[in-house]
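> Sequence plus the predicted model coming up.
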Amino acid sequence: MQLPKGKKIYFSSDNHLGAPTKEESLVREHKFVQWLDEVKQDAAAIFLLGDLFDFWFEYKTVVPKGFVRVLGKLAEISDAGIPIYFFVGNHDLWMDSYFEDELNIPVYHKPKVFHFNDTSFFIGHGDGLGPGDKGYKRMKKVFTNPVAKWFFRWLHPDIGVKLAQYLSVKNKLISGDDDVKFLGEENEWLVQYCKRKLATNHYDYFLFGHRHLPMEIQLNEQSKYVNLGDWIIYYTYAVFDGEKLELKKY
């Protein structure tokens, strides 16, 4: 994609709408919708890198209740011809075709490479990548197994969604216990993952969410890893103007 003059590409991640309570989530939803309203003025594209919702599951005829403001705004932006790309996170990994069918927003379940103005971007949510975190990787295989999804779908939505929301909110990041700290490059799994990818291919930028911690780490002279932070504590996002990528706070 070649960016038209004056246009930008925006990247955001980890809103966790629905948590920890409906009331607190609504405040953050209003703020995010306000941000979407502002960036649509000069956006060539918008990338959402997962965990937009704290829980999401698509039954054949039912999706979780709520989120009408953000869904309506995304529909408005998409209908205006501004492309939006969605990468599922570990909290909304059960997303299926709803966004594609209703909002014309493509959904990606794995990282993907994009090129803008001859600048290469390796983009994904970031969960389950790199060394370590073997417990989560095993759990993800179970959660994404078609048989497990089939069994969960047989739970009535009033039971299944309520149970999943309860378990999801137990996450310390959402319950207010802010224990996210920089672990050092040698212990940041996504940094190690990026360095391994660079051993075989060059990418100018690696963009991920998942860590809830805004980070910019120079991997070598030509490549940088950027973590987008979140819309719970930091309210950070990234913007590419055709020449450089910046991490900003809203």
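Good, I have the coordinates. Quantities reported herein were computed from a predicted structural model and do not represent experimental measurements.
> Need the residues that contact stretch 63-77.
For stretch 63-77, contacts defined as Cβ atoms under 8 Å, 6 or more residues apart in numbering pick out 15, 17-18, 22, 29-30, 32-33, 36-37, 40, 43, 46, 52-53, 55-57, 84, 98, 102-103, 105, 157, 161. Bear in mind the C-beta positions are built from the backbone N, C-alpha and C, glycine included.
> Please repeat the previous calculation with a cut-off of 6 Å.
17, 29, 33, 36, 40, 98, 103, 161 (Cβ atoms under 6 Å, 6 or more residues apart in numbering).
> three-state assignment of the third one?
Reduced to three states with DSSP: H, G, I helix; E, B strand; the rest coil, the structure at residue 33 is helix.
> and it, what is it in contact with?
69-70, 73.
> From residue 196, how far out is it?
Distance of residue 33 to residue 196, computed by Cβ to Cβ, to the nearest Å: 38 Å.
> next one: the first one
Computed as Cβ to Cβ, the residue 17 to residue 196 distance reads 33 Å.
> For the protein, which segments are assigned as strands?
Here the chain has its strands, by DSSP state E, at 8-12, 43-48, 84-87, 107-108, 112-116, 119-123, 205-208, 214-218, 224-228, 236-240, 245-249.
> out of everything not next to it in sequence, what's closest to residue 58?
residue 96 (4.3 Å; Cβ to Cβ, 6 or more residues apart in numbering).
> When residue 17 and residue 196 are compared, which one has more neighbours?
residue 17 (25 against 12; other Cβ atoms under 10 Å).
> hang on, the more buried one packs against residue 24?
No: the criterion here is Cβ atoms under 6 Å, and residue 17 misses it with residue 24 at 10.2 Å.
> still on that earlier bit, out of the contacts of residue 33, which comes closest to residue 128?
Lowest distance from residue 128 to the contacts of residue 33 (Cβ to Cβ) belongs to residue 70, with 25.4 Å.
> what about that closest one, how many residues close to it?
So residue 70, with other Cβ under 10 Å, has 20 neighbours.
> now it: how far from residue 105?
The value you get for residue 70 to residue 105, if Cβ to Cβ is used, is 12 Å.
> same question, residue 227
23 Å.
> Which of the two has more residues huddled nearby?
The neighbour comparison of residue 227 against residue 105 (other Cβ under 10 Å) goes to residue 227, with 28 against 19.
> residues contacting the more buried one?
208, 211, 215.
> run the last query once more with 10 Å
Residues in contact with residue 227, defined by Cβ atoms under 10 Å, 6 or more residues apart in numbering, are 13-14, 49, 126, 182, 188, 190-191, 206-217, 236, 238, 247.
> Identify the residue nearest it in space, chain neighbours excluded?
Using Cβ to Cβ, 6+ apart, the closest residue to residue 227 is residue 215 (4.1 Å).
> Tell me the one of the contacts of stretch 63-77 nearest residue 5?
For the contacts of stretch 63-77, the nearest to residue 5 is residue 40 (17.4 Å; Cβ to Cβ).
> quick one, what contacts that closest one?
10, 46, 73, 76-77, 80, 82, 84.
> among those, which ones are buried?
10, 46, 73, 77, 82, 84 (16 or more other Cβ atoms under 10 Å).
> now, the most widely separated pair of those?
With distances taken as Cβ to Cβ, the most widely separated pair in those is 10 and 73, at 13.3 Å.
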